[in-house]
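Student: Sequence and predicted model, in that order:
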Amino acid sequence: MSYTITISENGQYIICRVTGSVTVEISREFAREMDSLSRATNIKRFLTDVREAPNIASVYQNYEYAYKDMIDLKLQRDVRSAILADSADTTHDFLETVVRNAGYNVRVFRSESAAIAWLNEEMPNQ
C-alpha cells in the first residue's frame, strides 16, 4: 500500500493517488495528510484516486471510520471530496453512504472527467 499527495495543476484540489488495498489504517494516514495540506493551503476540494486500490475494510470498519475516526481526526466538514474508483470496483460505495450520512460531502465516481467537473463546480456559500 502506498499513496502520493499533490495539488492539481490548476491549484483547485488536492489529489491523493492510492495503490494497493485500502484499509482503515491507511485511510486515516492519507486523510490526516490531506486535511493538513488543505488547512495550510485553504484548498477545500479533494480527489482520492483509488482506481488501483480496492477497499478491503469490513462494513463495521467503514462505519466506524465514518462515525468515529473522521471525528477523532477533526476532519473538516466543508470539504468537497471525490473518490475515483475503477469502473468495476464497488468496494468504496458503502463508505460513500456512511460518510455522507455522517455529514461529509463525498461522492464516488467511475469517470475521472466527471469527478474533476464536480470538484470544479462552484459551491454555494457555506
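Tutor: Structure's in. What do you need?
Student: mind listing what Arg77 touches?
Tutor: Gly103, Tyr104, Asn105 (C-beta atoms under 8 Å, 6 or more residues apart in numbering). Every C-beta, even on glycine, is put in place using the N, C-alpha and C of the backbone.
Student: How about the longest strand seen in the chain, which residues are buried there?
Tutor: Using DSSP state E, we find that the single longest strand of the chain is strand 45-52. By neighbour count with 16 or more other C-beta atoms under 10 Å, strand 45-52 contains the buried residues Arg45, Phe46, Leu47, Thr48, Asp49, Val50, Arg51.
Student: how about low-confidence regions in this structure?
Tutor: 1, 123-126 (pLDDT under 70).
Student: And the helices in it, which stretches?
Tutor: Under the criterion DSSP state H, the chain contains helices at 24-41, 59-64, 70-72, 93-101, 112-120.
Student: and of those, who's closest to Ser8?
Tutor: helix 112-120 (8.2 Å; C-beta to C-beta).
Student: Next, the buried residues of the closest one.
Tutor: Here helix 112-120 shows Ala115, Ile116, Leu119 as buried, counting by 16+ other C-beta under 10 Å.
Student: ok, for Arg107, nearest residue in space, not its chain neighbours?
Tutor: Ala82 (5.9 Å; C-beta to C-beta, 6 or more residues apart in numbering).
Student: burial of that neighbour, as a residue count?
Tutor: Using other C-beta atoms under 10 Å, the number of residues around Ala82 comes to 24.
Student: which residues does it bridge with?
Tutor: For Ala82, the beta-bridge partners are Leu47, Arg107 (DSSP bridges).
Student: so can I have JSON lines of the helices of the chain showing distance to Ile15?
Tutor: Formatted as JSON lines, those follow (distance: least, C-beta to C-beta, whole Å):
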{"stretch": "helix 24-41", "distance to Ile15": "9"}
{"stretch": "helix 59-64", "distance to Ile15": "22"}
{"stretch": "helix 70-72", "distance to Ile15": "20"}
{"stretch": "helix 93-101", "distance to Ile15": "18"}
{"stretch": "helix 112-120", "distance to Ile15": "10"}
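Student: Among the ones you listed, which comes closest to Asp86?
Tutor: Of all the helices of the chain, it is helix 112-120 that lies closest to Asp86, at 11.0 Å by C-beta to C-beta.
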